[in-house]
Structures are given as C-alpha cells and as structure tokens.
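>>> The following comprises the amino acid sequence and a computationally predicted model.
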Amino acid sequence: MAEEISVSEEWRALVADLRALASKHAALVREEVQEAAGDIVRAGAWIAVGAVAALAVVLFVPVVVTIVLSVWLPTWAAALLATAAAVSAAGASLAVGVRRLRRPKMRRTRLALREDRVWIRDLIDSLRRFRRSGRG
C-alpha cells in the first residue's frame with residue numbers, strides 16, 4: 001500500500017513538473033514571439049528601402065546617371081550601366097528583406113519542446129515499467 005502511495009505521489013510530482021514546464025514554455029514562446037515581431041519589423045524596413053530603391057530605379061536615378069556617363073560613353077552604354085546599377089541596388093535590398101522574413105522562428109522553443117517530449121516519454125515509460133515490475 002505504501003508503494004502504491006509512492007507511485008501516486010510520483011504521478012502528482014510529474015503533473016506538478018509538467019505544469020512548471022508548461023509555464024516555462026509559455027514564457028519562452030512569449031519571448032520568441034516578441035523577437036519574431038522585431039524581426040518582422042526590421043525585415044519590413046528593408047523591404048521598404050528596397051521599394052524606395054525600386055521607385056528610384058523606375059523614375060530618376062538611371063536618367064541622371066545616364067546623362068553624367070554619356071559625357072564619357074555612348075548614350076546607350078551609359079543608359080545600360082545606370083540601369084544595371086539601379087536594378088542591382090533594388091534587388092539586393094529586397095533580397096535582404098525577404099531573407100529576413102524567411103528565417104525560422106522560435107528555434108529555441110522548438111528545441112526545448114523536442115527535448116522535453118523525449119524526457120516526458122522516458123519518465124512515463126519508466127513509471128510504467130516500475131508499475132509492471134510489481135513494485136507499484
């Protein structure tokens with residue numbers, strides 16, 4: 001009978017540990033969600049920079065650079081170089097923003113949950129083996 005009480009006490013302790021674990025995971029999730037929100041804001045800023053650069057590509061920069069370069073180069077070559085430079089700048093800015101949005105989020109939470117899942121399975125298996133062995 002005393003052994004049976006110890007098994008029930010083990011289960012109560014397990015439940016208490018699981019509650020504490022869930023609370024810690026909730027705190028970790030909150031922290032990582034805040035970090036993810038910051039990442040999204042920063043990525044949005046890079047995308048905005050890329051959008052402004054793209055607007056400049058379409059409207060203004062190639063014309064000015066073409067005029068300046070046409071002093072030394074044929075006009076067609078000056079226009080080609082100016083457009084290529086502006087497109088490269090816009091593409092690079094947009095690529096940085098998109099790459100930041102695609103980063104995996106909540107990495108620590110996923111890792112902690114995987115580790116805890118293994119720990120909980122092992123603990124439950126151990127309690128089941130203990131009970132089957134006739135000691136519980």
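Alright, I've got the coordinates. This structure is a prediction, so every number in the text was calculated from the model and none was measured. Numbers count the residues shown, from 1 in each chain.
>>> Could you measure from the spatially most central residue of the chain over to Ala77?
In the chain, the C-alpha nearest the mean C-alpha coordinate belongs to Lys105, at 2.3 Å (Cα atoms, centre = their mean). Lys105 sits 46 Å away from Ala77, going by Cβ to Cβ, to the nearest Å. Heads up, the C-betas are built off the backbone N, CA and C, glycines and all.
>>> go on, Ala36?
46 Å.
>>> ok, now how distant is Asp122 from Leu14?
Distance, Asp122 to Leu14, by Cβ to Cβ: 12 Å.
>>> Could you check which of those two is surrounded by more residues?
Leu14 (14 against 10; other Cβ atoms under 10 Å).
>>> Give me the pLDDT for that one.
For Leu14, the model assigns a pLDDT of 78.
>>> hang on, it packs against Leu127?
Yes: the pair Leu14 / Leu127 is scored as a contact, 7.4 Å apart, by Cβ atoms under 8 Å.
>>> could I have the helix or strand harbouring Thr66 exported to PDB, CA atoms only?
Assigned by DSSP states H and E, Thr66 belongs to helix 61-69. In PDB, the C-alpha atoms belonging to helix 61-69 read as follows (Å, rounded to 0.1, in the frame of the first residue of the first chain):
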ATOM      1  CA  VAL A  61      18.400  57.600 -60.900                       C
ATOM      2  CA  PRO A  62      19.000  56.000 -64.300                       C
ATOM      3  CA  VAL A  63      18.200  59.200 -66.100                       C
ATOM      4  CA  VAL A  64      20.700  61.300 -64.100                       C
ATOM      5  CA  VAL A  65      23.400  58.600 -64.200                       C
ATOM      6  CA  THR A  66      22.900  58.200 -68.000                       C
ATOM      7  CA  ILE A  67      23.300  61.900 -68.600                       C
ATOM      8  CA  VAL A  68      26.500  62.000 -66.500                       C
ATOM      9  CA  LEU A  69      28.000  58.900 -68.100                       C
END
